[in-house]
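Asks: Would you be able to build a 3D model of this:
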Amino acid sequence: MYKTAAMGDKYSVAGFASLGITVFPVTQASDAVKTLHSLAQSDYAVIFITEQLAGQMQSEIAAYDSKPLPAIIPIPGVRGNTGIGMANVSKFVEKAVGSDIIS
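Replies: Okay, the predicted model is just below:
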């Protein structure tokens, strides 16, 4: 059975635990890269990651773009929205539809 994880600063991901999602409080990109690779090799199908953390490790996340699992989904953290998540949605919609209908 596949699992779901949330990575980011502890204040941003703590609430996910109440939903049964495994939380991994990390703030340093080096720790996050190790955690991401570990989760990807385990049974985690969906990994939510705060946009602030995702911005620090875009090349590592991009390595999983062509793989079916895990789905890595940037989410806003307690510090606010950086736009990374919406940019990804826009990119996927443009790829599927052929034009950017989000902006």
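
Asks: Lys10 touches Pro25, doesn't it?
Replies: Yes. Using Cβ atoms under 8 Å, Lys10 is in contact with Pro25, at 3.7 Å. The C-beta positions use only the backbone N, C-alpha and C, and glycine is treated the same way.

Asks: between the two, who's got more neighbours?
Replies: Pro25 (15 against 12; other Cβ atoms under 10 Å).

Asks: pLDDT score assigned to Ile102?
Replies: Here, the pLDDT recorded for Ile102 equals 63.

Asks: cool, and Arg79?
Replies: You'll see Arg79 listed with a pLDDT of 73.

Asks: Wait, it touches Leu53, no?
Replies: No. Counting by Cβ under 8 Å, Arg79 stays clear of Leu53, with 10.6 Å between them.

Asks: which one of these two has more residues nearby?
Replies: Leu53 (27 against 13).

Asks: Please state the mean pLDDT value computed over the helix or strand hosting that one.
Replies: Using DSSP states H and E, Leu53 maps to helix 51-56. Regarding helix 51-56, the rounded mean pLDDT is 90.

Asks: in it, what counts as buried?
Replies: Of all the residues in helix 51-56, those buried under the rule 16 or more other Cβ atoms under 10 Å are Glu51, Gln52, Leu53, Ala54, Gln56.

Asks: for the last one, what are its contacts?
Replies: Taking Cβ atoms under 8 Å, 6 or more residues apart in numbering as the contact definition, Gln56 lies against Ala29, Ala32.
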